[in-house]
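Peer 1: Show me the folded form of this:
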Amino acid sequence: MKNRNIKIIISGVGGQGVMLLTKSIMLAAKLSGLNTIGSEIHGHAVRGGSAYSVVIYGSNNESPILMRNSVDYIISLELAEALRMGPYLKKSGLVISSNTKIVPVVSVLKNERYPSEDDVKNAFDGWARNTIILDTKAITKKLGSSRVTNSVLYGVFSVFEQDNIPVEIFKETLLAQVPKKSLEENLKAFEEGVSIAEKELRISSYKNY
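Peer 2: Numbers count the residues shown, from 1 in each chain. Below is the predicted model of the structure:
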């Protein structure tokens, strides 16, 4: 990736594991010899509040300040949070999102309409060439743990970035961050994400990936 940086937004709500993904990606990039910079968690990182971080790695560091059409990846643990970050994505970028909805109490009280999966897909059709929205509730139910959505999305991301960082390093850094008692379930989730991404690449034409 000579003279190129990769810029990533990790978004979700507090308690979903935005920090885990941020730390894992940064560590994987550093272990691969890439210059790395990351922002702190922005927003309300308390459980249920919107939260996001920015990670940049590559040959030259740049500011993690967000600008429109500047981000290569959005990894989102919550559907509406992916939509909120959409304008920052490059036209050639990739969205990897859970279809999980965590509707804020204020939206319920105001009877506000919350974005549907179709709303998000239609919006990203205008912002980016490539979108993957996963039914992570069904995936994690199959895996036997509802707490590993972030590891599934991380596995998907690792396949698309394997030309810059080996999948094995992504896996090692994830397992270094999670508690020992949850190593097995996170490993299974990561490998499921890898399998999903490999299938996506076989059946789809992802431009610039």
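Peer 1: from here on, contacts and neighbour counts on C-alpha atoms
Peer 2: OK.
Peer 1: can you pull the contacts of Val178?
Peer 2: Leu20, Asn186 (C-alpha atoms under 8 Å, 6 or more residues apart in numbering).
Peer 1: Kindly provide the distance from it to Ile196.
Peer 2: 22 Å (C-alpha to C-alpha, to the nearest Å).
Peer 1: And for Ala82?
Peer 2: Distance from Ala82 to Ile196, by C-alpha to C-alpha: 19 Å.
Peer 1: Also Gln177?
Peer 2: Noted for Gln177: a distance of 22 Å to Ile196, by C-alpha to C-alpha.
Peer 1: Need the phi and psi values for Val178.
Peer 2: In terms of degrees, to the nearest 10, the main-chain angles of Val178 are phi -90, psi 160.
Peer 1: Against Val148, how distant is it?
Peer 2: 10 Å.
Peer 1: Which neighbours do the two have in common?
Peer 2: By C-alpha under 8 Å, 6+ apart, Val178 and Val148 have these common neighbours: Asn186.
Peer 1: what's the residue closest to the geometric middle of this protein?
Peer 2: Here the mean C-alpha position of the chain is nearest to the C-alpha of Ile75 (C-alpha atoms, centre = their mean), at a distance of 1.8 Å.
Peer 1: For this structure, just list every one of the helices.
Peer 2: 18-31, 79-85, 105-109, 117-127, 136-143, 149-160, 167-177, 183-203 (DSSP state H).
Peer 1: Make a markdown table from those and add mean pLDDT and mean neighbour count to it.
Peer 2: Output for these, formatted as a markdown table (pLDDT from 0 to 100; neighbours: other C-alpha atoms under 10 Å):
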| stretch | mean pLDDT | mean neighbour count |
| --- | --- | --- |
| helix 18-31 | 95 | 20 |
| helix 79-85 | 91 | 22 |
| helix 105-109 | 51 | 10 |
| helix 117-127 | 83 | 15 |
| helix 136-143 | 96 | 15 |
| helix 149-160 | 97 | 25 |
| helix 167-177 | 97 | 18 |
| helix 183-203 | 93 | 18 |
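Peer 1: From what I see, Ile8 and Ser70 are in contact.
Peer 2: No. Using C-alpha atoms under 8 Å, Ile8 is not in contact with Ser70; the gap is 9.3 Å.
Peer 1: Many thanks, we can stop here.
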